[in-house]
Every structure is written in structure tokens, then in C-alpha cells.
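> Prediction below, plus the sequence it came from.
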Amino acid sequence: MISPLVIETKAKIAVVIPCFKVKRHILHVIEQIDSKYQTIYIVDDCCPEGTGKYVLEYNTDSRVVVLFHRRNQGVGGATLTGMRRACEDGAQVVLKIDGDGQMNPYLIDYFVLPILSGQADYTKGNRFYNLEGLKSMPAIRIFGNAALSFFSKFSSGYWDIFDPTNGFIAIHAILLQELDIDKINRRYFFESDMLFRLYTIRAVVLDIPMHSVYGDEISNLKIQKIFGTFLICHIINTFKRIFYTYFLRNFSIASIYLVTGGLLLLFGSIFGASRWYSLSLQGIQASAGTVMLASLPIIIGFQMIVSFLAFDIANVPKIPIHKRLAVLKPSYCNKLKIKP
């Protein structure tokens, strides 16, 4: 099978594959990665199957570098270990795929080109773009990913993307220095937390349509088990993002909409509920003035919250930052051998 696009560039592109219980598939995944990608980092995340040792013994591809974790750190921890090493070795773009064979390595060009051409700082897969491709996805995954995608829009600020848990991702290496990667979630919330962190530095994220291949592999991600944890993390990130964006780093009309609208909603709700309860105990019907005094703040407050959401949706980052960072931080680029 021929790769769908042709990349003619001298940029160093590295592929990171976190490994945990993927021994049966890993060699086939490595074989499918085009020779134009210079280095492949296999990160054995304390795999009980010994995937890393298996690759060292049976792999014949000279591009492969095997890294080991002494304790399991999760898919996020393994990915970040590989990304750190790729940056130290001078990679300009770092791409991550899973080792279970669900992601087609022939699609890597689609993820790398938007970054090399300056259209995006970070690219990620979207399995929901083509509805025909959902036929092979388990129903529980469709529902879970759709729900998590909705919550992710609030927490990340990227209202124009979908499928936030998709692990097929690529990033310009200079952004990894700008992010505080020690704070990024190491477990299954890694991809969603990465989006939140990227928004804080105003990076441009682009969805790449893709299909997943579901065969005999066993997924370690159980939507029904992590849904509650993800929901809590999304709520926390939502409050943090809004505070950082509209109060700590900047103060705009959206900040006024949010504060004023929230206070009006709170006042109208508390006043209306308290007056209704007090008058009901006395058996007295509320006057028109009392009803208006309670309902008007709620109506105006709701309209202001909607205006804030409209502003926030329009505030998605649109100008890639990696070229600007390369100009502002040339010493970092020279250190890691990264070309702007």
C-alpha cells in the first residue's frame, strides 16, 4: 500500500509508540511505518508481556529505539517519555500512534503535513468525521466518545474538534518546551488534558479524518470505568481554562458577560425560590412585581451566559504559534536542533 501523500522535506520526524500488552501487534505496526520517518521510539511501559525485550530480540528495523519504564506510568507517561527523547535527539515533529494496530501508519503523512506547512501546531485523529467508519466501532465507544467530546469542548476551548480521546496525534517539537509537560495527565486522560494545555498557549489544533481498525486486539480503555473520572477532570479544566483565559491573562467583554450573567442568574434563582417558599407557607399568591423581579434577572443572565459562550466559541486559536516561538526562542531550537 502506498502512502496517500508525499512528504518532500528534510525535517526530522519521529514516531512514538507507547507499549502495554501489544506484543502480538507491535512488529507489524513497525513494519508499516514508512522509511522517510527517521526514528521510531518504542516505550515499554512496564509491560507484563515484555514488549520492549521482544522488540529488541526480533525487530530488524535500524530506526527503532527501545525505552523502558521501571514502573507503569500510563499511556500518557509513556508517550511523554518518547516525546522528550525525540526532542533531545533533534526531532522537529513528533507523532504518536498506538501499538495495537488500530491506527493505520499509512495515514501519518496526513498528520505531519499540516504542521510542516504551517497550518497547525498539533494534529489529532477524528473517527467521527465519516459516519460510515463508525460501523466497526463498538456502540459503547460511540456513545462514550460522543459524550466526552461534548465535555471536552468546554474544558479545552477547542469547539471545532471532536473525538478528544483519539490517540493518533502529532505535535511540533517546540511546543513541548512551551508546555509544562510534568503537569499533563499520565493516564487515559492524557489526550484530553493535552488539548487543555495547548489552549493555554493558544496553539492551533486540527482534526484529521481517519478510520480505526478493530480486530482481535484487547483495549485497555473501558469507557464505562473512566467516564466518571473524565467528567470530573473536564469540570476542573473548564474552570481553570475560563479563569486563565478571561480573568488572569485577559479581561474582555466576555468576562463581563460571564460575571454579570452568573450573578443575575444566581440572584434571580435565589430570590425567586425564597419568595415562592415564603409565600407558599402563607398561602399567598406572588404578585406580578415579585414574579418579574425574579424572572427578569434570570432571563437577562441567561442571555449574557449565551453571549459569553458565543464569544468563547469564536475565540478558538486560529494562528499557529510554532514559527513565532522559533523566532522568539532560537537558543532552544539550536539546542534541540529544531528548524523553524
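In hand now; what should we look at?

> Mind checking what secondary structure residue 207 has?
Put simply, residue 207 is strand when judged by DSSP: H, G, I helix; E, B strand; the rest coil.

> Contact partners for it?
Counting by CB atoms under 8 Å, 6 or more residues apart in numbering, residue 207 touches 123, 124, 125, 126, 129, 160, 161, 162, 163. Just so you know, the C-beta spots here come from the backbone N, C-alpha and C atoms, and that holds for glycine as well.

> Tell me the spacing between it and residue 83.
20 Å (CB to CB, to the nearest Å).

> tell me the domain ranges of this protein?
Listed domain ranges for the chain are 13-246, 251-314 (source: automatic domain parsing).

> so how far is the longest one off the chain centroid?
Offset of domain 13-246 from its chain centre (CA atoms, centre = their mean, to the nearest Å): 8 Å.

> Same question for stretch 282-290.
With CA atoms, centre = their mean, you get 51 Å for stretch 282-290.

> Could you double-check that residue 91 lies in contact with residue 16?
No - Residue 91 is beyond contact range of residue 16, at 9.4 Å (criterion: CB atoms under 8 Å).

> rewinding a little: would you turn the domains of the chain into JSON lines with distance to residue 321 and mean pLDDT?
Listed next are the domains of the chain as JSON lines, based on distance: least, CB to CB, whole Å; pLDDT from 0 to 100:
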{"stretch": "domain 13-246", "distance to residue 321": "6", "mean pLDDT": "90"}
{"stretch": "domain 251-314", "distance to residue 321": "18", "mean pLDDT": "92"}
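
> Quick one: closest of these to residue 320.
Taking CB to CB, domain 13-246 is the member of those nearest to residue 320, at 4.5 Å.

> which strands and helices sit next to the helix or strand harbouring residue 145?
Assigned by DSSP states H and E, residue 145 belongs to helix 139-156. On a contact count with 3 or more CB pairs under 8 Å, 6 or more residues apart in numbering; DSSP states H and E, helix 139-156 meets helix 190-200, helix 223-243.

> Of all the residues in that helix, which ones are buried?
141, 144, 145, 148, 149, 151, 152, 153, 154, 155, 156 (16 or more other CB atoms under 10 Å).

> Determine which two of those are furthest apart.
Longest span within the buried residues of helix 139-156, CB to CB: 141 and 154, 21.0 Å.

> which ones are touching residue 244?
residue 200.

> picking up where we left off before, so which of the buried residues of helix 139-156 is the closest to residue 229?
Once CB to CB is applied, the member of those that ends up nearest residue 229 is residue 148, at 10.9 Å.

> what about residue 63, how many neighbours?
Using other CB atoms under 10 Å, residue 63 has 15 other residues around it.

> ugh, wrong one, I meant residue 248
10.

> Contact partners for it?
Contacts of residue 248 (CB under 8 Å, 6+ apart): none.

> all strands for the stretch 1-150 of the chain, in order.
Applying DSSP state E, counting those that start in this stretch to the stretch 1-150 of the chain gives strands spanning 13-19, 39-44, 64-68, 93-96, 122-126.

> Compare those strands and give me the one nearest residue 107.
Of those, nearest to residue 107 by CB to CB is strand 122-126, at 7.9 Å.

> and the closest one, what does it pack onto?
Using 3+ CB pairs under 8 Å, 6+ apart: strand 122-126 touches helix 108-116, strand 169-172, helix 190-200, strand 205-209.

> Would you map the helices across the stretch 201-340 of the chain?
223-243, 253-282, 288-314, 322-328, 330-335 (DSSP state H, counting those that start in this stretch).

> Tell me which residues of the first one come out buried.
In other words, helix 223-243. So helix 223-243, judged by 16+ other CB under 10 Å, has buried residues 223, 226, 230, 233, 234, 237, 238, 241, 242.

> Same question for the fourth one.
Neighbour-count burial for helix 322-328, counted by 16+ other CB under 10 Å, picks out 322, 325, 326.

> Redo these as a markdown table? Include distance to residue 118 and pLDDT.
Shown next, in a markdown table, are the buried residues of helix 322-328 (distance: CB to CB, whole Å; pLDDT from 0 to 100):
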| residue | distance to residue 118 | pLDDT |
| --- | --- | --- |
| 322 | 8 | 89 |
| 325 | 12 | 82 |
| 326 | 11 | 75 |
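
> Good, wrapping up.
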